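Q: model the following, please.
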Amino acid sequence: MSDHGLIEQKEAQEAAGRELFRMLPDGAESVVLRMGVLAVAKSGSTKAYFPDGSSKGLKMGGRFDTALLDRMRETMYRDDSGTWFSFEMTVTAKGEMTVRFNYDDEPDFGPEGLDPVAYVNDAKKFPRDEAHQPEWLKQRLAEGRARLSARGE
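A: You can find the predicted model right below:
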């Protein structure tokens, strides 16, 4: 894979933003999507925020095309340094969008976490030079490779 252009990145983010905007409930000020994303796993939450300070969790169930997240990761991939592992996207009722990407911290896949083989599979699709691998990722990759080796794969 090679570097993608800024236009492709912007288009992918805007498409995801439009999907999230469609999920905004009546009366809400904003909706926030927080996701951990690997090539083979996605986990996250969507929450709407209201003017009175209250919030409400939203179910994505078919209302958000998660393939857009894969496209966002692909367009933001950089040879040698990889792509992001998680992000937070906020869309307001006014149609404004902000996005923060996490390239270095381990994504949250709940208390059970993920089988480290998932990180090995992700690294095959989005390789990173060792110099760009945080310590936690080096550890997950080593654990995943050991598990694959033990299984004869």
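
Q: could you check how many residues crowd around the nearest residue to K56 once chain neighbours are set aside?
A: Excluding its sequence neighbours, the residue lying closest to K56 (C-beta to C-beta, 6 or more residues apart in numbering) is A48, at 5.0 Å. (C-beta placed from N, C-alpha, C; glycine too.) The tally of other residues near A48 (other C-beta atoms under 10 Å) stands at 20.

Q: kindly provide the distance from A48 to R22.
A: Going from A48 to R22 by C-beta to C-beta, to the nearest Å gives 12 Å.

Q: ditto for D80
A: Counting by C-beta to C-beta, the separation of D80 from R22 is 36 Å.

Q: same question, S30
A: Distance, S30 to R22, using C-beta to C-beta: 14 Å.

Q: so which of those two has more stuff around it?
A: Counted by other C-beta under 10 Å, S30 and R22 do not tie: S30 has more neighbours, with 20 against 11.

Q: now do the SS call for R140.
A: At R140 the chain is in helix, as set by DSSP: H, G, I helix; E, B strand; the rest coil.

Q: ok, it - contacts?
A: 106, 116, 119 (C-beta atoms under 8 Å, 6 or more residues apart in numbering).

Q: how close does it sit to D108?
A: From R140 across to D108, the span is 14 Å (C-beta to C-beta).

Q: same check on S81?
A: S81 sits 22 Å away from D108, going by C-beta to C-beta.

Q: again with W136
A: Remark: distance between W136 and D108 (C-beta to C-beta) = 12 Å.

Q: what about Y103, neighbour count?
A: Neighbours of Y103 (other C-beta under 10 Å): 16.

Q: thought S86 was touching it, still the case?
A: No - using C-beta atoms under 8 Å, Y103 is not in contact with S86, being 9.2 Å away.

Q: joint contacts of the two?
A: Jointly contacting Y103 and S86 under the rule C-beta under 8 Å, 6+ apart is no residue at all.

Q: follow-up on the earlier one: just checking, the residue nearest to K56 touches A28?
A: Yes - shown here, A48 and A28 form a contact pair, counting by C-beta under 8 Å, at 4.2 Å.

Q: sweet, I'm off.
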